[in-house]
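In: test case, fold it:
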Amino acid sequence: MAATKRVLDQVDGPVILVGNSYGGSIITVAGSDPKVKALVYVAALQPDVGETSAEAAPPMKSASNDLRPTAAWRDKPSYAIIATEDHSLDLGVARRMANRAGSLVTVIKGGHLIQISQARAVTRVIETAARAVK
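Out: The predicted model follows:
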């Protein structure tokens, strides 16, 4: 989280944060920065205020208990990419979190590292987020 804050402090202009897996917890907190205009969750956790990563997704392997976020998705547009063959984040849990956050959901065939296996499709979602906040 501190590293993300340092990067945000160095950026001039609007930012879209993108997080994969546990990184979704990071962008959920860091997204409260006024420079952040949208959040893109890529096969990622989307915890709510006061909810640890492990509470948000109990079946997720190696979820951490150390971060209790301020849920930036409550005030900012969010996009969620759900990977159909994700074996780390349960699809039902991913859908529940995305729906709860009001995220625009894109379902893509692939595993937990969907940003590698389906880079173009993930890039299109990020570009959609960027166009929407201009």
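
In: what's near enough to touch the residue nearest the centre of the chain?
Out: When CA atoms, centre = their mean is applied to the chain, the residue found nearest the centroid is Tyr41 (2.5 Å). Tyr41 makes contact with 19, 24, 27, 78-81, 98, 101, 103 under the criterion CB atoms under 8 Å, 6 or more residues apart in numbering. (Glycine included, C-beta is placed from N, CA and C.)

In: closest to Ala132 out of those residues?
Out: Comparing those against Ala132 with CB to CB places Tyr79 closest, at 8.6 Å.

In: give the bridge partners for that closest one, please.
Out: With DSSP bridges as the criterion, Tyr79 is bridged to Val40, Leu104.

In: now do the same contact list for it.
Out: Listed by CB under 8 Å, 6+ apart, the contact partners of Tyr79 are 38-41, 103-106, 125-126, 128-129.

In: distance of it from Thr52?
Out: Between Tyr79 and Thr52 the distance is 23 Å, computed by CB to CB, to the nearest Å.

In: how about Ala38?
Out: Counting by CB to CB, the gap from Ala38 to Thr52 is 24 Å.

In: neighbour count: those two, which is higher?
Out: Ala38 (24 against 17; other CB atoms under 10 Å).

In: doesn't the more buried one lie inside a strand?
Out: Yes - Ala38: assigned to a strand according to DSSP: H, G, I helix; E, B strand; the rest coil.

In: wait, isn't it in contact with Ala132?
Out: Yes - judged on CB atoms under 8 Å, Ala38 makes contact with Ala132 at a distance of 6.8 Å.
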